[in-house]
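Participant: Task: produce atomic coordinates for the following.
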Amino acid sequence: MPLFLNDEQTMLRDTAKDFVAEHAPVSHMRALRDADDQTGFSRDLWKQFAEMGFTGMLIGEDQGGLGLGHVEAGVVLEEIGRNLSPSPFLSTAVAAVEALKGSAQAERWFPGIIAGDTVVGLAIDEGAKHRNAVGMKAERSGNGFKLTGAKQFVTHGHVADLLIVAARTAGSAEDEDGVTLFAVPRDAANLSARAERLTDASLAARIEFDGVEVDADAVIGEVDAGRDPLGRLLRAGRTGAAAEMLGVGGGAMDMTLGYLKERKQFGTVIGSYQALQHRAAHLYSEMEVARAAVLKAQQLLDLGDNRAEAAVSVAKAMTGIATTLAVQEGVQMHGGIGMTDEYDIGFYMKRGRVLAEIFGDANFHADQLARAAGY
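Facilitator: Alright, predicted model coming up:
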């Protein structure tokens with residue numbers, strides 16, 4: 001498979017680049033932050049995403065979507081990252097859609113996602129770091145289940161219309177089997193959410209389930225076999241987060257290179273210094289390697305290849321490392337002003353840090369790859 005975009009994907013990239021840059025630039029994120037916005041994104045902008053067809057990219061044409069793949073979704077996510085655009089695109093139109101595919105819940109929720117009316121929160125994580133363990137309990141209750149426990153770092157969870165919840169219906173927290181995925185309306189009784197600001201000014205919620213009752217129709221997939229839809233959700237989310245990180249790292253790199261060409265010290269443009277040129281060349285190389293890793297993972301996911309799992313971990317780890325380098329070099333090469341709120345480069349560092357943690361950081365995925373290889 002060629003590691004470059006075809007003509008149609010290139011046209012989509014150009015369209016997404018112009019749209020996001022015009023409607024959701026970095027100044028849009030600044031405005032939401034400065035206004036202490038309690039939603040975390042613009043619902044009007046989400047509707048515009050729908051009008052562009054972006055929200056239904058991964059939904060089949062037979063269900064009203066565009067029937068595109070992860071490569072195309074990644075093209076949009078990269079532009080979202082490049083502009084630091086607050087959006088539920090990753091959690092809703094990518095990860096949640098993949099989890100809901102083939103389930104009875106798809107018919108109920110896909111129309112709202114396509115229309116830009118529905119936002120989905122992913123209630124997956126329970127601890128300070130992303131892990132595969134699921135300890136939250138789902139006990140049989142009448143014709144359905146009663147959910148008890150807590151989730152955290154649920155992006156847009158406080159305003160989501162739907163929560164996709166991973167809970168344990170059998171076994172212990174570390175067991176592979178015994179996990180069930182549920183589609184839980186945000187307005188369900190005995191469910192509470194408390195939003196908190198993350199370092200990049202985005203909002204994520206801590207969700208408490210105090211005996212939340214759902215019927216059997218809320219199950220996504222099969223009882224005790226939720227690892228399958230959860231795996232689809234995680235692969236899509238991890239690859240999507242990697243694509244968004246490419247945009248963050250690429251945006252930071254472009255900003256830094258522009259600064260090196262303009263900033264003068266002792267009457268000389270600082271970009272003419274060989275030491276800085278070497279660092280810029282190294283950064284470019286690392287970003288290109290990460291880009292190739294992400295595209296490979298996207299292509300394998302679209303093909304349904306069994307090598308996709310490993311490729312996704314490689315992509316998430318590589319972009320985490322490369323983007324961290326990009327934002328750190330950006331702040332350092334900007335000098336003291338790189339630490340101020342006046343320049344955007346600091347926002348790229350903060351967003352890159354949050355994305356690096358979402359769906360598992362580089363260390364998590366390196367461990368996953370090592371375990372898969374038998375170490």
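Participant: any idea of the mean pLDDT in whichever strand or helix holds E139?
Facilitator: According to DSSP states H and E, E139 maps onto strand 137-141. Regarding strand 137-141, the rounded mean pLDDT is 96.
Participant: Buried residues, it. List them.
Facilitator: By 16 or more other Cβ atoms under 10 Å, the buried positions in strand 137-141 come out as A138. The C-beta positions use only the backbone N, C-alpha and C, and glycine is treated the same way.
Participant: Need the three-state assignment for M318.
Facilitator: Classification of M318 using DSSP: H, G, I helix; E, B strand; the rest coil returns helix.
Participant: Quickly list the domain ranges of this structure.
Facilitator: Domain assignment for the chain, taken from automatic domain parsing, gives 7-119, 122-224, 228-372.
Participant: Let me have the ones you listed in JSON lines, extended by distance to M1.
Facilitator: Listed next are those as JSON lines, based on distance: least, Cβ to Cβ, whole Å:
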{"stretch": "domain 7-119", "distance to M1": "10"}
{"stretch": "domain 122-224", "distance to M1": "29"}
{"stretch": "domain 228-372", "distance to M1": "5"}
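Participant: re the thing from before, now do the strand holding E139: which elements does it pack against?
Facilitator: Under the contact definition 3 or more Cβ pairs under 8 Å, 6 or more residues apart in numbering; DSSP states H and E, strand 137-141 sits against strand 144-155, strand 162-168.
Participant: Relative to Q368, which of the ones you listed is closest?
Facilitator: Among the helices and strands packed on strand 137-141, the nearest to Q368 by Cβ to Cβ is strand 162-168 (17.3 Å).
Participant: Give me the helices and strands touching whichever helix or strand comes after the closest one, please.
Facilitator: Next in sequence after strand 162-168, counting helices and strands by DSSP H and E, comes strand 179-185. Judged by 3+ Cβ pairs under 8 Å, 6+ apart, strand 179-185 is in contact with helix 104-115, strand 144-155, strand 162-168, strand 203-215, strand 219-220, helix 227-262.
Participant: Take those and lay them out in a markdown table including mean pLDDT and distance to M57.
Facilitator: Shown next, in a markdown table, are the helices and strands packed on strand 179-185 (pLDDT from 0 to 100; distance: least, Cβ to Cβ, whole Å):
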| stretch | mean pLDDT | distance to M57 |
| --- | --- | --- |
| helix 104-115 | 96 | 10 |
| strand 144-155 | 97 | 19 |
| strand 162-168 | 98 | 18 |
| strand 203-215 | 97 | 24 |
| strand 219-220 | 97 | 20 |
| helix 227-262 | 97 | 11 |
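Participant: And the ones you listed: which comes nearest M11?
Facilitator: Taking Cβ to Cβ, helix 227-262 is the member of the helices and strands packed on strand 179-185 nearest to M11, at 17.6 Å.
Participant: Leaving out chain neighbours, which residue sits closest to R279?
Facilitator: Nearest residue to R279, sequence neighbours excluded (Cβ to Cβ, 6 or more residues apart in numbering): E329, at 6.1 Å.
Participant: how much space between the one you found and A322?
Facilitator: For E329, the distance to A322 (Cβ to Cβ, to the nearest Å) stands at 11 Å.
Participant: Check V159 too.
Facilitator: Look at V159 and A322: by Cβ to Cβ, they are 32 Å apart.
Participant: again, but for P2
Facilitator: Noted for P2: a distance of 21 Å to A322, by Cβ to Cβ.
Participant: ok, and the helix or strand in the chain with the lowest average confidence?
Facilitator: Of all helical and strand segments in the chain, the minimum by mean pLDDT, DSSP states H and E falls on strand 264-265, at a mean of 86.
Participant: can you pull the buried residues of stretch 182-198?
Facilitator: Across stretch 182-198, burial judged by 16+ other Cβ under 10 Å covers 182-186, 191, 193, 195, 198.
Participant: more crowded one of E329 and A322?
Facilitator: Taking other Cβ atoms under 10 Å, E329 and A322 do not tie; A322 has more neighbours (28 against 22).
Participant: thinking the more buried one is in contact with G250, fair?
Facilitator: No. A322 lies out of contact with G250 (Cβ atoms under 8 Å); the separation is 9.6 Å.
Participant: Now list whatever residues contact both of these two.
Facilitator: M287 (Cβ atoms under 8 Å, 6 or more residues apart in numbering).
Participant: Now do stretch 193-206: distance from first to last residue.
Facilitator: End-to-end distance of stretch 193-206 (Cα to Cα, to the nearest Å): 6 Å.
Participant: Next, count neighbours for Y375.
Facilitator: Residues near Y375, counting by other Cβ under 10 Å: 7.
Participant: whoops, I mixed them up, A24
Facilitator: If you count neighbours by other Cβ under 10 Å, A24 ends up with 22.
Participant: Assess the claim that it and L45 are in contact.
Facilitator: Yes. If you go by Cβ under 8 Å, A24 and L45 touch, sitting 5.8 Å apart.
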